[in-house]
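> what's the 3D shape of this:
(one chain, ligands or ions: 2)
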Amino acid sequence: MVIYLKPGADADLVKKALIARGQWVQQVEKGRNGEVLGFQLASFSSAIPAAELERIEGVARVGVPASEHPRVDAQGPRVSVSGTEVGGGAPPVLLSGPCAVESEERIHEIARQLAPLGVSFLRGGAYKPRTSPYNFQGHGAEALRWLRRAADAHGLKVVTEAMSEVDVPLVAEFADLLQIGSRNMQNFSLLKAAGRSGRPVLLKRAMSATVEEWLLAGEYLLVHGAPGVIFCERGIRGFDGSTRNLLDLGAVALLSTVHRLPVVVDPSHATGRRDLVLPLAKAALAAGAAGVMIETHDDPSQALSDGPQALLPWQLRELAPFGEKR
Ligand code: PEP
Ligand code: MN
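Numbering: from 1, shown residues only. Ligands and ions are numbered 1, 2, ... in the order given. Okay, the predicted model is just below:
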């Protein structure tokens, strides 16, 4: 933002007033005779409405740079998904289930175990993006039906991923919340199709995306008609291989506190290790996450994908805000 001064205003007093409101003056704009015309504020200044800064004595007007993601800025912190509120002060939501939908019996069993634990959304991939294309890629359309039936049988909503625009209409038929995976955050034809599907979208951050690129991808979904976008931080690529990815909780706090957007954290893909999932889930909620997405499996040693990071459903009991339904 740029704060323009009235002619003859006391620049020092205005600067002090800005600092007192948590604003950081990055650059001073001066006129030909050295008089102060305005102050450019750093982006990490406290988030204060421009109107409030305009009330400071000596301020003529506040210039707000045009945003490239106005719809995201206007969306607000809460998205409603088939009647379940996510973000904006609503109780945090728990999204859980296996990495992949492996069989009808198995997804029913997992849903049965998850339902009493405060889980709102049953997750599970029917179309699986994998680190290696030679690994199991999911059971496709059949798995969507198994997932929906298991969720319905236990009063849960469905979140699942569409990997290609061709699959979006079918996935949207079975899912309450359409997931865009991290490998596809900038697959614009997929985002276009997802936006047009009319379903709210869970947009995973790409493993090397900046926050701005993530917000722009959200904007693209809203431009194409998505009724809401929930952002999902799942870890970015770091230099250290001791965890699968590097969970960027700073970005979570930034999105929820400064941008006032709903953001869900996936500590399972962020760490790749089940012993780190719950500590990071708690940290995510403390940082302002609107919910957490955690991979669970009734027998992780037999899981077809991501077994090492899967928890047993009952382990979710440790997450205090969700607790058991009474
Ligand atoms: C997933 O949630 O199933 C998944 C594949 O995650 P990501 O896109 O974050 O790797
Ligand atoms: Mn997985």
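
> residue ranges of the strands in the stretch 1-150 of the chain, please?
Applying DSSP state E, counting those that start in this stretch to the stretch 1-150 of the chain gives strands spanning 2-5, 25-30, 36-41, 59-63, 78-81, 84-87, 93-97, 121-123.

> Tell me if the shortest one is near ligand 1.
No. Strand 121-123 lies out of reach of ligand 1 by Cβ under 6 Å from any ligand atom, never closer than 6.9 Å. No exception for glycine: its C-beta is placed from N, CA and C like everyone else's.

> Check stretch 131-145 too.
No. Using Cβ under 6 Å from any ligand atom, stretch 131-145 stays clear of ligand 1, with a minimum separation of 8.4 Å.

> Could I get the average pLDDT for that stretch?
What stretch 131-145 shows for mean pLDDT is 93.

> roughly how far out does that stretch sit from the chain middle?
Put simply, stretch 131-145 sits 24 Å off its chain's centre (Cα atoms, centre = their mean, to the nearest Å).

> For it, list every residue counted as buried.
137-139, 143-145 (16 or more other Cβ atoms under 10 Å).

> follow-up on the earlier one: looking at the strands of the stretch 1-150 of the chain, which is closest to ligand 2?
For ligand 2, the closest of these is strand 121-123, at 9.1 Å, according to Cβ to the ion.

> In terms of secondary structure, what does the closest one contact?
strand 93-97, helix 104-114, helix 141-153, strand 157-161, strand 291-295 (3 or more Cβ pairs under 8 Å, 6 or more residues apart in numbering; DSSP states H and E).

> In the sheet, which strands lie alongside that strand, parallel or antiparallel?
strand 93-97 (parallel), strand 157-161 (parallel) (DSSP bridges).

> which ones are touching Q179?
123, 159-162, 201-202, 204, 232 (Cβ atoms under 8 Å, 6 or more residues apart in numbering).

> Can you get me a residue count around G34?
6 (other Cβ atoms under 10 Å).

> R237 now?
Neighbours around R237, by other Cβ under 10 Å: 10.

> same thing with the one 3 residues further on?
With neighbours defined by other Cβ under 10 Å, the count for D240 comes to 7.

> now swap in E105 and tell me
10.

> quick one, what contacts A50?
Counting by Cβ under 8 Å, 6+ apart, the residues that A50 touches are 1, 62, 64.

> my bad, A206
Applying Cβ under 8 Å, 6+ apart, the residues near A206 are 182-183, 185-186, 213-214.

> Please produce a ChimeraX select command covering the buried subset of those.
To isolate the buried ones among those in ChimeraX, judged by 16+ other Cβ under 10 Å, type:
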select :182,185,186,214
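
> can you tell me which of the contacts of A206 are in helices?
213-214 (DSSP state H).

> Can you lay out the contacts of A206 as a markdown table showing distance to ligand 2?
Converted to a markdown table, the contacts of A206 look like this (distance: Cβ to the ion, whole Å):
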| residue | distance to ligand 2 |
| --- | --- |
| S182 | 10 |
| R183 | 12 |
| M185 | 16 |
| Q186 | 20 |
| E213 | 22 |
| W214 | 20 |
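
> circling back to that earlier point, could I get the helices and strands packed on strand 121-123 in a markdown table, plus columns for distance to L312?
What follows is the helices and strands packed on strand 121-123, written out as a markdown table (distance: least, Cβ to Cβ, whole Å):
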| stretch | distance to L312 |
| --- | --- |
| strand 93-97 | 11 |
| helix 104-114 | 8 |
| helix 141-153 | 17 |
| strand 157-161 | 20 |
| strand 291-295 | 11 |
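
> To V258, which of the ones you listed lies closest?
Closest approach to V258 among those is made by strand 291-295 (18.9 Å; Cβ to Cβ).

> what does the stretch 1-150 of the chain have sitting close to ligand 2?
Residues of the stretch 1-150 of the chain that fall close to ligand 2, judged by Cβ under 5 Å from the ion: C99.

> what comes up buried for the helix or strand where L203 lies?
For L203, the host element (DSSP states H and E) is strand 201-204. Neighbour-count burial for strand 201-204, with 16+ other Cβ under 10 Å as criterion, is recorded at 201-204.

> do that strand and ligand 1 meet?
Yes. Strand 201-204 reaches ligand 1 (Cβ under 6 Å from any ligand atom) through K204.

> In the sheet, which strands lie alongside that strand, parallel or antiparallel?
strand 177-180 (parallel), strand 229-233 (parallel).

> most centrally placed residue in the protein?
F231 (2.0 Å; Cα atoms, centre = their mean).

> So that one is in contact with W214, correct?
Yes. Using Cβ atoms under 8 Å, F231 is in contact with W214, at 6.5 Å.

> ok so V252 is a strand residue?
No. Applying DSSP: H, G, I helix; E, B strand; the rest coil, one finds V252 to be helix, outside a strand.

> ok, the nearest residue in space to it that is not next to it in sequence - contacts?
Counting by Cβ to Cβ, 6 or more residues apart in numbering, V252 lies nearest to A287, which is 4.6 Å off, once chain neighbours are set aside. Each residue near A287 by Cβ under 8 Å, 6+ apart is listed here: 249, 252-253, 256, 265.
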